[in-house]
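In: Can you look at this prediction? I've put the sequence above it.
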Amino acid sequence: MMSLGAIFFYIISAFILLMGILAVTTRKIFRSAIYLLGSLIGIAGLYFWLEVEFIAAVQIVVYVGGIVVLIIFSIFLTQQSGKEMPRTNLSRNIFSLLAVIAGFLLSCSLIHQYGFEAGSQPFDNAVSRIGLYMLNTGKDGFALPFEAVSILLLAALIGCIVIAMKSVPTKSTK
Amino acid sequence: MTEIPISHMLFVSTALFFIGMYGFFTRRNMITMLMAIELMLNSVNINFVIFNKYLYPEKMDGIFFTIFVITIAAAEAAVAIAIIINLYRSHQSIDVEEADNLKN
């Protein structure tokens, strides 16, 4: 007899995988984005189940609130969203399916052989502890990657504007 | 909670990774390829959190890697979409097969 928590885990996992499969196989691009949204929400639910609430909140804010909305906007800007995408040719489908299944079986057998053992210590991931580590310059602090990521975000911001900017036609003044 | 073996959770993230890989191989539309990459990054994040929580509960490295991966994924998606929109402006299409100017 499984406990309620275990049943929840399997339900969430089945939801994530089902939405993921639909997102990569459906032929309408807007539906694909909505299935991706479902999969990401399911992953946030999995984080809640794992009791890492901060990561779950970040997942919802950044992925569901940011990236998926960005993807949907770009679909509206570049596609007729109701139109079906052309079918990919059969040999490519078959060979990628074979490659994927082979990789999946290989990874599964490796995981199965290794047989991870869970420790019994409780995991303390309070937000105060995350913040303390994030700005700690000591031995196990993450201040340097934090600063590096902030510079990366600034560079990405400027880069996006420069790339997507319409080039103004240079008018000759004469 | 502990009655679920860690390997079952790892099977879920492995399956999600290879679903994303299948999408990346079969799709020819740049936006759907980007979605497949997002799925793969998310499966890696699940792995990081599970390893941190169950194997090294006294450390925080997995949590921080997850946070940084999410941040970089956001930056990557933004840059990719800027490139896609620019490509659509010049080619009227976002199919990867048609963006072959450098080839010939």
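Out: Arrived safely.

In: switch to C-alpha atoms for all contacts and neighbour counts from now on
Out: Will do.

In: In chain A, spot the helix with the most residues.
Out: helix A:90-114 (DSSP state H).

In: Residue A:85 against residue A:25, yeah?
Out: No. Assessed by Cα atoms under 8 Å, residue A:85 is found out of contact with residue A:25, at 10.7 Å.

In: Tell me how chain A divides into domains.
Out: As assigned by automatic domain parsing, chain A contains the domains A:1-81, A:126-164.

In: Would you mind giving the ones you listed as CSV with mean pLDDT added?
Out: Converted to CSV, the domains of chain A look like this (pLDDT from 0 to 100):
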stretch, mean pLDDT
domain A:1-81, 91
domain A:126-164, 90
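
In: Format those as CSV; extra columns: distance to chain B.
Out: Listed next are these as CSV, based on distance: least, Cα to the nearest Cα, whole Å:
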stretch, distance to chain B
domain A:1-81, 5
domain A:126-164, 5
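
In: Please work out which of those domains is packed deepest.
Out: Sort the domains of chain A by mean neighbour count, taking mean count of other Cα atoms under 10 Å in any protein chain shown, and domain A:1-81 sits at the top with a mean of 18.

In: Which residue ranges of chain A form helices?
Out: A:4-25, A:29-49, A:53-59, A:68-78, A:90-114, A:127-134, A:143-164.

In: Dump those helices to JSON lines, plus distance to residue B:70.
Out: Shown next, in JSON lines, are the helices of chain A (distance: least, Cα to Cα, whole Å):
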{"stretch": "helix A:4-25", "distance to residue B:70": "18"}
{"stretch": "helix A:29-49", "distance to residue B:70": "12"}
{"stretch": "helix A:53-59", "distance to residue B:70": "8"}
{"stretch": "helix A:68-78", "distance to residue B:70": "13"}
{"stretch": "helix A:90-114", "distance to residue B:70": "24"}
{"stretch": "helix A:127-134", "distance to residue B:70": "15"}
{"stretch": "helix A:143-164", "distance to residue B:70": "11"}
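
In: Just confirm residue A:142 contacts residue A:135, I think it does.
Out: Yes. If you go by Cα under 8 Å, residue A:142 and residue A:135 touch, sitting 6.2 Å apart.

In: so who does residue 13 touch?
Out: No chain was given, so I picked chain A. Applying Cα atoms under 8 Å, 6 or more residues apart in numbering or on different chains to residue A:13 gives the contacts A:42, A:46, B:12.

In: Chain B is the one I meant
Out: Counted by Cα under 8 Å, 6+ apart, residue B:13 has contacts B:43-44, B:46-47.

In: picking up where we left off before, can you say which of the domains of chain A is nearest to residue B:33?
Out: Comparing the domains of chain A by their distance to residue B:33 (Cα to Cα), the top pick is domain A:1-81, with 8.8 Å.

In: ok so, going back, ok, and the most crowded of the contacts of residue B:13?
Out: residue B:46 (24 neighbours; other Cα atoms under 10 Å in any protein chain shown).

In: what sits against it?
Out: Per Cα under 8 Å, 6+ apart, neighbours of residue B:46: A:43, A:47, B:13.

In: so where does it fall, helix or strand?
Out: In the assignment (DSSP states H and E), residue B:46 maps to helix B:30-54.

In: Can you give me the pLDDT of residue A:107?
Out: With respect to pLDDT, residue A:107 scores 94.

In: so which helix or strand takes in the residue nearest to it when sequence neighbours are not counted?
Out: Distances taken as Cα to Cα, 6 or more residues apart in numbering or on different chains place residue B:14 nearest to residue A:107, at 7.2 Å, with adjacent residues excluded. Using DSSP H and E, residue B:14 maps to helix B:6-26.

In: Just give me how far that helix sits from the chain centre.
Out: 11 Å (Cα atoms, centre = their mean, to the nearest Å).

In: Quick one: work out the angle between it and helix A:4-25.
Out: 10 degrees (axes from the mean of the first three to the mean of the last three Cα atoms, to 10 degrees).

In: relative orientation of helix B:6-26 and helix B:30-54 in degrees?
Out: Using the same axes, to 10 degrees: helix B:6-26 against helix B:30-54 is 170 degrees.

In: Now helix B:6-26: average pLDDT?
Out: 93.

In: then that helix to CSV, C-alphas only?
Out: Taking Å, rounded to 0.1, in the frame of the first residue of the first chain, the C-alpha atoms of helix B:6-26 are listed here in CSV:
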residue,chain,number,x,y,z
ILE,B,6,15.8,7.8,-5.7
SER,B,7,16.2,5.8,-8.9
HIS,B,8,12.5,6.3,-9.7
MET,B,9,12.9,10.1,-9.4
LEU,B,10,16.0,9.9,-11.6
PHE,B,11,14.1,7.8,-14.2
VAL,B,12,11.5,10.7,-14.5
SER,B,13,14.2,13.3,-15.1
THR,B,14,16.0,11.0,-17.6
ALA,B,15,12.8,10.3,-19.5
LEU,B,16,12.1,14.1,-19.6
PHE,B,17,15.6,14.7,-20.9
PHE,B,18,15.3,12.2,-23.7
ILE,B,19,11.8,13.5,-24.6
GLY,B,20,13.4,16.9,-25.1
MET,B,21,16.2,15.3,-27.1
TYR,B,22,13.6,13.7,-29.4
GLY,B,23,11.9,17.0,-29.9
PHE,B,24,15.2,18.6,-30.7
PHE,B,25,16.0,16.0,-33.3
THR,B,26,12.7,15.9,-35.1
